[in-house]
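A.B. asks: Here's my sequence, what's the structure:
(chains A and B)
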Amino acid sequence: MMKRTRALAIVLLALMALSIIAGCSSKPSGSNAPAPAKKEPVKLTMWAYAPDNLEAKKALESIQEDFNKANTDIQIEIAAIPKDAWDQKLNTAIAGGVAPDISYLDQPLVPKWAKEATLLDLTPYADGKDGLDRKIYVPGALNTNLVGGKLYGVPLSMTAVALFYNKDLVPTPPATWDEWLAISKKVYVKGKVSAFEGPWGGGWGAWLFPAFAGTNGCYMSSADNSKVTFNEPQCVETAKFLNQIFQYNDMDVITSQEAFGAGKIAMKVSGPWDMAHYKQDFPKLNFGVALIPKKTQYASNIGGENLVVYKSTKNPEAAFKAIKWLTNVENSAKFAKVTGNFPVTLKAQEDPKWSSDPNMKVFAEQMKYALSRPQIDEWLKINDELLGSILDDMVQKGKDPKPLLDDAAAKANALIKK
Amino acid sequence: MKTAKPRWWQSHLFWEAATGYLFAAPAIIYFLIFQVSAMLMSLLLSMTKFNIRTAPVWVGLDNYRNLLFDRLRYPFFWHSMWVSIKWVIMEQPLVIVIPLLVALLLNTNVRGQSIFRTLYFIPVITPGVAMAAMWVWIYDANFGLLNMVLRTKTAWLKTVSTALPSLVATSVWGAIGGTVFIWLSALKAIPGEVYEAAAIDGATGWRQFWSITLPLLRPTLFYMTVTGVIGSFQVYVPMQLMTGGDPDNSTLTYMLYLVRHAFRYNEMGTATAMSYILLVIILIATLLQFRYMRQRND
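C.D. replies: Numbering: from 1, shown residues only, chains lettered A, B, ... in the order given. Below you'll find the predicted structure:
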């Protein structure tokens, strides 16, 4: 008995030791492979948002194929990462030292990540031999890559919101605030048709709000980004106006899933990505796109992604060459298919695909009035927690916006100074 | 040539203990490397300013101080804590009582018992994402099944007063299956003779339930409350998938707020500090339960 127990213990110990040795020694078995006859191509990895429809997925795959055919010295592998898990996976990969060479990056993150030395400064490559012709890009999109005069990426896609309207309910879209209010009043049928799906609350609403405030000449921050200015009189007026429009909505209608697609909402603000969605999933929906109605001027918000190179890359030159190729005129048009947004090169925007579609044309026009986002490090928090959490009170409950906006602005400015 | 072996080498007890520890070793080693060391690391990280991507900067207890007292930086810290407490208070009694009732029904020899058991278990094996997608439609104001049945037009998930209770209902629905089986096995473990003896003494139905079933289920109840409350405080998935903390932050739970700081605002140091504060709160809740709920050995 005693012998058996002892034997068992020793066998167990041996097994464990073995498994540890096995675990540590699992070297890649490629060391025996024959030496390559010629120079191996440089391998690059790139992370992209996983496309949300089949067509876009195929487009992304074909970009990778085309790239690898056109560039024999560089082979790229594009990984499609679900957008929901994006921040988590990307940050973790960077922390773990396994960052991709190239990835998409949301525009507002570029300045912060550049300052924190996560991104590679591309200026020397862009200004060097075989450099970058910056003039091919839409200036507004290119500018989101500039931090302190240095270039930290190239634009990949850009977007802005415009007004979607249901042509069966609204034959002629409104051009001004007054018309907008009049149409809202006319189209509203209690419990059946609501006027407008807009910035009614939360972080999403706060992202939309600048588009409306902009049409009244109010901006979220001062030009030098040293303080927020969303409590100025025109913004207060905007909030009051949105509350007036809100009167022609029923909560149960505007919060319902796919209510615009089902013809229960007359107007909504959204981006170009929604056009494919409505065409595909609601073939009977007769909709159009118009500029966001103005009070004093046209305006919209801005969004989009850039392609950036990480400082940890082993092949900075190849990575630069790759992002240059991926955003040239031809490929920027292909990427627009992948992201559902706009091509970032001026030439690609002239392509009939964009210029012949009347709705796309409106988006191209709307993009010209897009306002840049405040370059404030704490902006995401200000957007979610300060602006996002008072929208409800201002536009739904109709509380006086002045004190609410003043309070939020004071807090935001204090936060910036901290 | 004989070398005298030490006493412990000869001892049967030593080898038995050694064998036992060796069997447990894989789990212990795993626990030390992947749990304990990770916990210690995160305790250190909670005292740093850390954006995940660049080296952490030591700030001492600043994160804790700011979370507890700086309402400018963390305006919803206490709010999110309160939402989580409300969640525990609403969800836990239901997650325990409803499955008990179901288990009592299943424990009577109804026909088709196995069919019922399967039905109750289906939500447990349904992926959370699919469940959330389905419930979002059930709660829809216009096309939703719930409003159709009730003949109302409530935007359940978009109204401040109903959003959190609606998520509680979803969560309870998903949890019933698993808990029913724990109750069922506890019920089966009660020996039949006890009931027979009670029947002879004239106790029937409710009397049997109150005097026999319930007291004998107490250890199970205690176990489920303790583990349930610990899990419930950390609720995150339903609000992440179904409301994102809206409307008006009424479903912004502590964990959701924590994850936002970790990955949206790039404040990993703050987020780990939040998790340690939560640890203390859960510890207090658990100690209170041990103090007031544990079966007394009499």
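
A.B. asks: ok, residue A:338 - contacts?
C.D. replies: The contact partners of residue A:338, taken as C-beta atoms under 8 Å, 6 or more residues apart in numbering or on different chains, are A:48, A:51, A:56, A:59, A:60, A:63. No exception for glycine: its C-beta is placed from N, CA and C like everyone else's.

A.B. asks: List the contacts of the second one.
C.D. replies: Under the criterion of C-beta under 8 Å, 6+ apart, the contact partners of residue A:51 comprise A:57, A:59, A:60, A:80, A:338, A:339.

A.B. asks: please redo it, this time with the cut-off set to 6 Å
C.D. replies: Shown in contact with residue A:51 (C-beta atoms under 6 Å, 6 or more residues apart in numbering or on different chains): A:57, A:60, A:338.

A.B. asks: Run a quick neighbour tally on residue 186.
C.D. replies: By default, I'm working from chain A. For residue A:186, the count of nearby residues is 13 (other C-beta atoms under 10 Å in any protein chain shown).

A.B. asks: my bad, the chain I had in mind was chain B
C.D. replies: 21.

A.B. asks: got it, and the one 3 residues further on?
C.D. replies: The number of residues packed around residue B:189, counting by other C-beta under 10 Å, is 10.

A.B. asks: now the contacts of residue A:51 as a markdown table including secondary structure?
C.D. replies: Listed next are the contacts of residue A:51 as a markdown table, based on DSSP: H, G, I helix; E, B strand; the rest coil:
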| residue | secondary structure |
| --- | --- |
| A:57 | helix |
| A:60 | helix |
| A:338 | helix |
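
A.B. asks: any low-confidence regions in the chain?
C.D. replies: Defaulting to chain A. A:1-3, A:12-13, A:15-38 (pLDDT under 70).

A.B. asks: try chain B instead
C.D. replies: B:1-3, B:295-298.

A.B. asks: Can you name the next helix or strand after the lengthiest helix in it?
C.D. replies: Counting by DSSP state H, the longest helix found in chain B is helix B:77-107. Scanning forward in sequence from helix B:77-107 by DSSP states H and E, the next helix or strand is helix B:113-125.

A.B. asks: tell me which residues in that next one are buried?
C.D. replies: Under the neighbour-count criterion of 16 or more other C-beta atoms under 10 Å in any protein chain shown, helix B:113-125 has B:120, B:123 buried.

A.B. asks: now the next helix or strand after that helix: how far from the chain's centre is it?
C.D. replies: Tracing the chain past helix B:113-125, the next element assigned as helix or strand by DSSP H and E is helix B:128-138. Here the centre of helix B:128-138 is set off from its chain's centre by 20 Å, with C-alpha atoms, centre = their mean, to the nearest Å.

A.B. asks: what helices or strands is helix B:128-138 leaning on?
C.D. replies: helix B:237-242 (3 or more C-beta pairs under 6 Å, 6 or more residues apart in numbering or on different chains; DSSP states H and E).

A.B. asks: coming back round to it: angle of the longest helix of chain B against helix B:113-125?
C.D. replies: Angle, helix B:77-107 to helix B:113-125, by axes from the mean of the first three to the mean of the last three C-alpha atoms, to 10 degrees: 160 degrees.

A.B. asks: Which positions in helix B:77-107 come out as buried?
C.D. replies: B:77, B:79-81, B:83-88, B:90-92, B:94-96, B:98-100, B:102-103, B:106-107.

A.B. asks: Spatially central residue for the chain, please.
C.D. replies: Picked chain A for this. The centroid of chain A falls nearest to residue A:304 when counting by C-alpha atoms, centre = their mean (4.1 Å).

A.B. asks: other chain: chain B
C.D. replies: Per C-alpha atoms, centre = their mean, the C-alpha nearest to the average position across chain B is that of residue B:231, at 1.9 Å.

A.B. asks: related to what we said a few turns ago, out of the contacts of residue A:338, which is most surrounded?
C.D. replies: Most surrounded of the contacts of residue A:338: other C-beta under 10 Å gives residue A:48, at 23 neighbours.

A.B. asks: and that one, what does it touch?
C.D. replies: So residue A:48 contacts A:78, A:80, A:104 (C-beta under 6 Å, 6+ apart).

A.B. asks: CSV for those, including distance to chain B and secondary structure?
C.D. replies: What follows is the contacts of residue A:48, written out as CSV (distance: C-beta to the nearest C-beta, whole Å; DSSP: H, G, I helix; E, B strand; the rest coil):
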residue, distance to chain B, secondary structure
A:78, 22, strand
A:80, 18, strand
A:104, 16, strand
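
A.B. asks: Closest to residue B:12 out of those residues?
C.D. replies: residue A:80 (59.9 Å; C-beta to C-beta).

A.B. asks: rewinding a little: the contacts of residue A:51 into a markdown table, with extra columns for distance to residue A:227?
C.D. replies: Converted to a markdown table, those look like this (distance: C-beta to C-beta, whole Å):
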| residue | distance to residue A:227 |
| --- | --- |
| A:57 | 43 |
| A:60 | 41 |
| A:338 | 38 |
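
A.B. asks: From start to finish, how long is stretch B:188-205 in a straight line?
C.D. replies: With C-alpha to C-alpha, to the nearest Å as the measure, stretch B:188-205 spans 17 Å from end to end.

A.B. asks: who does the one helix or strand residue B:181 maps to touch, helix- and strand-wise?
C.D. replies: Element membership for residue B:181 (DSSP H and E) is helix B:160-188. In terms of contacts (3+ C-beta pairs under 6 Å, 6+ apart), helix B:160-188 is packed against helix B:77-107, helix B:113-125, helix B:237-242.

A.B. asks: Just give me how far that helix sits from the chain centre.
C.D. replies: 11 Å.

A.B. asks: Tell me what angle that helix forms with helix B:113-125.
C.D. replies: Following the same axes, to 10 degrees, one obtains 130 degrees for the angle between helix B:160-188 and helix B:113-125.

A.B. asks: Alright, that wraps it up for me.
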